[in-house]
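**Q** Sequence isn't available, so here's the structure alone:
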């Protein structure tokens with residue numbers, strides 16, 4: 001009886017178009033933001049930052065980017081790991097070449113560089129789509145990993161071929177390097193995740209989002225009614241790659257601290273982010289966060305349960321985890337193709353009608 005629209009009157013178009021039209025949803029959203037910004041930074045420790053919160057926020061940004069491209073624009077991509085590598089190596093070169101510039105600017109510039117690369121590899125989408133486009137983006141994945149492995153300039157001619165993030169600070173607090181505290185890691189990732197989610201929500205609700213969805217639903221009909229496929233598809237690739245590039249920059253500089261392209265940004269990373277949006281829900285901002293939370297929390301939960309609780313070997317627990325994730329992907333594709341976001345929406349609809357049956 002608490003989750004109701006009764007008494008929540010809309011007196012303007014702005015009120016009618018709110019992201020959260022029900023008052024209780026708005027209160028829950030503001031409460032979640034207050035907890036995330038005002039409480040968690042004071043109680044978080046290294047384990048929770050490195051195992052849960054920081055990877056969740058970074059992968060949520062990557063899932064947002066891929067969801068814009070695949071969920072909203074309908075362009076299948078298997079090159080997410082490669083584009084994350086572009087963001088990581090771009091921020092590394094910027095950090096080492098211009099150490100006096102703020103790290104936030106470096107991360108944003110890395111996103112911009114990745115957007116340009118994404119547009120170049122998005123050009124085939126003007127002529128091909130579906131499975132053929134997926135193969136083209138898969139080729140981009142392998143080419144980018146090969147490029148960063150074979151050209152020493154990208155890793156500053158290091159003998160190991162590995163890149164290491166130098167220490168950088170914001171307002172006197174280290175956010176990269178070994179001296180970074182858990183609250184600093186968490187807060188910089190949280191700020192980027194919040195800002196990019198806000199941008200994604202407004203883009204998908206505006207003219208750009210409507211163009212992307214028109215192309216996704218039927219590109220020929222969209223072109224007939226005046227949507228330019230060139231600008232719509234390339235803008236989707238650019239925005240998606242910008243988000244993914246920022247995720248890659250944060251993954252390398254804030255979370256990992258050191259990376260080798262084949263291990264950190266291989267094809268497994270592309271599939272991981274793809275699984276996130278499949279399980280979370282295609283074409284949903286909430287689904288990106290839900291899928292990222294699911295894919296980050298599930299391994300932690302299974303490891304604590306199987307290894308810590310039941311005493312199973314670590315390698316056996318890892319194989320069980322892969323089996324469970326695969327089974328869940330098959331389940332969601334068959335039972336609920338729209339993922340966790342749709343299940344959440346159905347739950348809210350039932351709460352609005354409860355205790356009435358219809």
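**A** Good, I have the coordinates. For clarity, every value in this text was computed on a predicted model and none was experimentally measured.
**Q** So residue 115 sits against residue 245, correct?
**A** Yes - using CB atoms under 8 Å, residue 115 is in contact with residue 245, at 6.6 Å. Any C-beta I mention is one placed from the backbone N, CA and C, and that applies to glycine too.
**Q** Please say which of the two ends up with more neighbours.
**A** Neighbour count, other CB atoms under 10 Å: between residue 115 and residue 245, residue 245 has more, with 33 against 25.
**Q** in the stretch 251-358 of the chain, which spans are helices?
**A** For the stretch 251-358 of the chain, the helices defined by DSSP state H, counting those that start in this stretch occupy 261-264, 267-280, 285-302, 314-335, 339-353.
**Q** So for residue 91, which of those helices sits nearest?
**A** helix 261-264 (13.1 Å; CB to CB).
**Q** Could you tell me which residues within that closest one count as buried?
**A** Using 16 or more other CB atoms under 10 Å as the test for burial, helix 261-264 gives 261, 264.
**Q** Tell me which other helices or strands it touches.
**A** On a contact count with 3 or more CB pairs under 8 Å, 6 or more residues apart in numbering; DSSP states H and E, helix 261-264 meets helix 80-97, helix 131-150.
**Q** now residue 26, nearest residue through space, not along the chain?
**A** Among residues not flanking residue 26 along the chain, residue 20 sits closest, at 4.5 Å (CB to CB, 6 or more residues apart in numbering).
**Q** Settle this for me: the one you found is touching residue 29, isn't it.
**A** Yes - using CB under 8 Å, residue 20 is in contact with residue 29, at 5.7 Å.
**Q** could you give the angle of the one helix or strand residue 250 maps to to helix 131-150?
**A** Using DSSP states H and E, residue 250 sits within helix 229-250. Here the directions of helix 229-250 and helix 131-150 differ by 40 degrees (axes from the mean of the first three to the mean of the last three CA atoms, to 10 degrees).
**Q** Go through helix 229-250 and flag the buried ones.
**A** Result for helix 229-250 [16+ other CB under 10 Å]: buried residues 229, 232-250.
**Q** since we're on residue 110, how many residues are nearby?
**A** Residues near residue 110, counting by other CB under 10 Å, number 28.
**Q** Give the other helices and strands that the helix or strand containing it contacts.
**A** Using DSSP H and E, residue 110 sits in helix 103-122. Under the contact criterion of 3+ CB pairs under 8 Å, 6+ apart, helix 103-122 touches helix 80-97, helix 131-150, strand 168-170, helix 229-250.
**Q** Mean pLDDT and distance to residue 60 for the ones you listed - can I get that in JSON lines?
**A** Formatted as JSON lines, the helices and strands packed on helix 103-122 follow (pLDDT from 0 to 100; distance: least, CB to CB, whole Å):
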{"stretch": "helix 80-97", "mean pLDDT": "94", "distance to residue 60": "13"}
{"stretch": "helix 131-150", "mean pLDDT": "92", "distance to residue 60": "21"}
{"stretch": "strand 168-170", "mean pLDDT": "90", "distance to residue 60": "21"}
{"stretch": "helix 229-250", "mean pLDDT": "94", "distance to residue 60": "8"}
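**Q** possible to save those as JSON lines with distance to residue 200?
**A** Formatted as JSON lines, the helices and strands packed on helix 103-122 follow (distance: least, CB to CB, whole Å):
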{"stretch": "helix 80-97", "distance to residue 200": "16"}
{"stretch": "helix 131-150", "distance to residue 200": "20"}
{"stretch": "strand 168-170", "distance to residue 200": "23"}
{"stretch": "helix 229-250", "distance to residue 200": "7"}
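**Q** So for residue 37, which of these sits nearest?
**A** That would be strand 168-170 among the helices and strands packed on helix 103-122, by CB to CB, at 15.5 Å.
**Q** in the closest one, what's buried?
**A** Buried residues in strand 168-170 (16+ other CB under 10 Å): residue 168.
**Q** what's the following helix or strand past it packed up against?
**A** Remark: after strand 168-170, the chain's next helix or strand is strand 173-176, criterion DSSP H and E. Here strand 173-176 touches strand 168-170, helix 182-205, going by 3+ CB pairs under 8 Å, 6+ apart.
**Q** quick one: the last one to helix 229-250, angle?
**A** Angle of helix 182-205 versus helix 229-250, following the same axes, to 10 degrees, is 170 degrees.
**Q** buried stuff in helix 182-205?
**A** 182-190, 192-193, 196-197, 200, 203-204.
**Q** How about stretch 307-326?
**A** 317, 321, 325.
**Q** now what about that stretch, what contacts it?
**A** 275, 295, 298-299, 302-303, 306 (CB atoms under 8 Å, 6 or more residues apart in numbering).
**Q** run the last query once more with 7 Å
**A** Contacts to stretch 307-326, defined as CB atoms under 7 Å, 6 or more residues apart in numbering, come from residues 275, 298-299, 302-303, 306.
**Q** quick one on the thing from earlier: deepest in the core, which of the helices of the stretch 251-358 of the chain is it.
**A** The highest mean neighbour count among those, using mean count of other CB atoms under 10 Å, belongs to helix 267-280: a mean of 22.
**Q** Which strands and helices lie in contact with it?
**A** helix 54-66, helix 80-97, helix 285-302, helix 314-335, helix 339-353 (3 or more CB pairs under 7 Å, 6 or more residues apart in numbering; DSSP states H and E).
**Q** Nearest to residue 9 among those would be which one?
**A** Distance to residue 9, taken as CB to CB, is lowest for helix 339-353 among those, at 16.2 Å.
**Q** Figure out how far that closest one is from the centre of its chain.
**A** Here helix 339-353 is found 23 Å from its chain centre; the criterion is CA atoms, centre = their mean, to the nearest Å.
**Q** do stretch 343-358 as well
**A** With CA atoms, centre = their mean, you get 29 Å for stretch 343-358.
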